[in-house]
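Colleague: Show me how the following folds:
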Amino acid sequence: MEPTGIIDFLQQNLSTFLSFTGFANATVGHYVMICIGLIFLYLGIKHNLEPMLLVPIGFGILIGNIPFFPGTQVGIYEEGSMLYFLHFGLLKGVYPPLIFLGLGAMIDFSVVISNPKLVLIGIAAQCGIFAAYIISLSFGFIAKDAGAIAIIGSADGPTSIFLASRLAPELMGAIAISAYSYMALVPVIQPPFMRMLTTPKERVIKMPPPRAVSQKEKIIFPIVGLLVTGLLIPPGLPLLGMLFFGNLLKECGVTKRLAATAGGTWTDILTILIGLTMGASTQANWFLTEKSLFIFGIGAVAFSVATVTGILFVKLMNLFLKEGNKINPLIGNAGVSALPDSARVSQFMGQRYDKSNHLLMHAMGPTVASTIGSAVVAGIMLGFLG
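Modeller: Below you'll find the predicted structure:
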């Protein structure tokens, strides 16, 4: 081959190689999303802000936004790619019920059983969902999309993914990222509302310790819970069935190995898969839309409404409770389903004003009740809109 022919050949190969690089296929949107992924990693690693969520999601955002030449079966939306098959569990709503199985194996319903009125706080906080639904409709979203967006108000990531997979798969990325982002930001968003809406006297209310709950009660609760919620809201069975099944594995005493697996390794693997695929689904050309920005804004309002409603509802309840049985309003924030982070915020805020005040166990009541409540609402939404 002549020297000029060799040079032309090398130039052609170099040109082909460059056309396949990420630099050649990048858009401004890709770099914006990469910066967002780096922020998620920074918050998770540097500030230890929900690293179990933000690190997989942040790295997934980086993976999903490395630009590539179309048709190379690399991207999460390209049929045949590895990410495409991993994303299937998210898109079809397979991962959330499996996560609920793990949650059930970790949750202790003792506080709810011993003090049922705490359930009312979790129910009241669901107002955030209905507020988001109304706002979404007012912004012009169709009913199905509004229903999928609304569940962000519960700050329950798996439920948000599950409902979006059934009602609005095209909005899955924005809804999931929004829900998990607000879950991670619980320690940042909720304390200002808690300070603003409570008085110094209310913040130091000490609640009586919950009564001891028998093993028989703990075994009966998930069985009765499944039958009642399942018969009332059959569309919620994939979530509620797995939640109560996981809890029965934990409480029955004869399936300790299964419970340990479900609440440990099982949940860890699913957390990695959900976080990574959810982050990767934010591919710039699919994710950066006007709708996504609206969803983030609506999610912030919904989460704030849920927090405020929970706190105010406790204050309302205290008007009818005798002295000595009053509830500390600082556990009202735990009415959102950000398990267990919102309960930890209640504990942190309570000890900030009284070192001897321990609110964690009490706050777990509204939180676990809200986990059930958000799944029930998701079932109702599916029944009406699915």
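
Colleague: Now N325: closest residue in space that isn't a chain neighbour?
Modeller: The shortest distance from N325 to any non-neighbouring residue, by Cβ to Cβ, 6 or more residues apart in numbering, is to P208 (7.1 Å). Just so you know, the C-beta spots here come from the backbone N, C-alpha and C atoms, and that holds for glycine as well.

Colleague: L316 versus that neighbour, what's the distance?
Modeller: With distances taken as Cβ to Cβ, to the nearest Å, P208 is found 20 Å from L316.

Colleague: Between the two, point out the one with more neighbours.
Modeller: Between P208 and L316, counting by other Cβ atoms under 10 Å, L316 is the more crowded of the two (13 against 10).

Colleague: Mind pulling up the pLDDT for that one?
Modeller: On pLDDT, L316 comes in at 96.

Colleague: Only the buried residues of the helix or strand where it lies, if you could.
Modeller: Secondary structure assignment for L316, by DSSP states H and E: helix 290-318. Within helix 290-318, the residues scored as buried using 16 or more other Cβ atoms under 10 Å are 291-292, 294-296, 298-300, 302-315, 317-318.

Colleague: on that earlier part again, now the residue nearest to N325: phi and psi?
Modeller: phi -60, psi 150 (degrees, to the nearest 10).

Colleague: now the one 3 residues further on
Modeller: With angles defined as degrees, to the nearest 10, R211 sits at phi -70, psi 160.

Colleague: Roughly how far does it sit from S114?
Modeller: Here R211 is placed at a distance of 5 Å from S114 (Cβ to Cβ).

Colleague: Which one of the two is surrounded by more residues?
Modeller: Taking neighbours as other Cβ under 10 Å, R211 and S114 compare with S114 leading, 16 against 11.

Colleague: Pop out the phi and psi values for the more buried one.
Modeller: Per-residue torsions, S114: phi -80, psi -30 (degrees, to the nearest 10).

Colleague: ok, now the one 10 residues further on?
Modeller: Geometry field for A124 lists phi and psi as phi -60, psi -40, criterion degrees, to the nearest 10.

Colleague: Find the nearest non-adjacent residue to it, please.
Modeller: Using Cβ to Cβ, 6+ apart and skipping residues adjacent in sequence, the residue nearest A124 is F313, 3.8 Å away.

Colleague: same check, this time on G332
Modeller: Distances taken as Cβ to Cβ, 6+ apart place I311 nearest to G332, at 3.5 Å, with adjacent residues excluded.

Colleague: any idea how far stretch 76-95 is from the chain center?
Modeller: Between the centre of stretch 76-95 and the centre of its chain there are 19 Å (Cα atoms, centre = their mean, to the nearest Å).

Colleague: which regions of the stretch 201-350 of the chain lie under the pLDDT threshold?
Modeller: The stretch 201-350 of the chain contains no residues with pLDDT under 70.

Colleague: where exactly do the helices run in it?
Modeller: When assigned using DSSP state H, counting those that start in this stretch, the helices of the stretch 201-350 of the chain occupy the ranges 215-232, 237-251, 256-261, 267-280, 284-287, 290-318, 341-353.

Colleague: Tell me the gap between the longest one and the middle of its chain.
Modeller: Using Cα atoms, centre = their mean, the mean C-alpha position of helix 290-318 is found 14 Å from that of the whole chain.

Colleague: Centre-most residue in this protein?
Modeller: Centroid-nearest residue in the chain: G157, 1.9 Å away (criterion: Cα atoms, centre = their mean).

Colleague: In this structure that one contacts M183, no?
Modeller: Yes - G157 is within contact range of M183, at 5.7 Å (criterion: Cβ atoms under 8 Å).

Colleague: Which neighbours do these two have in common?
Modeller: Each of L53 lies in contact with both G157 and M183 under the rule Cβ atoms under 8 Å, 6 or more residues apart in numbering.

Colleague: residues contacting T229?
Modeller: The contact partners of T229, taken as Cβ under 8 Å, 6+ apart, are G236, L240, F244, I372, A375, V376, G379.

Colleague: from these, which single one is nearest L62?
Modeller: Closest approach to L62 among the contacts of T229 (Cβ to Cβ): A375, at 31.6 Å.

Colleague: close enough to count as contact, that closest one and F244?
Modeller: No - the criterion here is Cβ under 8 Å, and A375 misses it with F244 at 10.0 Å.

Colleague: who's more crowded, those two?
Modeller: Higher neighbour count among A375 and F244: A375, with 31 against 26, using other Cβ under 10 Å.

Colleague: Excluding chain neighbours, what is closest to that one?
Modeller: Distances taken as Cβ to Cβ, 6+ apart put L239 closest to A375, at 4.1 Å, once the chain neighbours are dropped.

Colleague: Report the contact partners of the one you found.
Modeller: Applying Cβ under 8 Å, 6+ apart, we find L239 in contact with P96, P97, F100, P158, T159, F162, A375, A378, G379.

Colleague: Pull the most distant pair out of these.
Modeller: When Cβ to Cβ is used, the two most widely separated members of the contacts of L239 are P158 and G379, lying 13.7 Å apart.

Colleague: Looking at those two, which one has more neighbours?
Modeller: When neighbours are counted by other Cβ under 10 Å, P158 comes out ahead of the other of P158 and G379, with 29 against 25.

Colleague: shouldn't that one be in contact with Y95?
Modeller: Yes - applying Cβ under 8 Å, one finds P158 in contact with Y95, separated by 7.3 Å.

Colleague: Common neighbours of those two, please.
Modeller: The overlap between the contact sets of P158 and Y95 (Cβ under 8 Å, 6+ apart) consists of I274.
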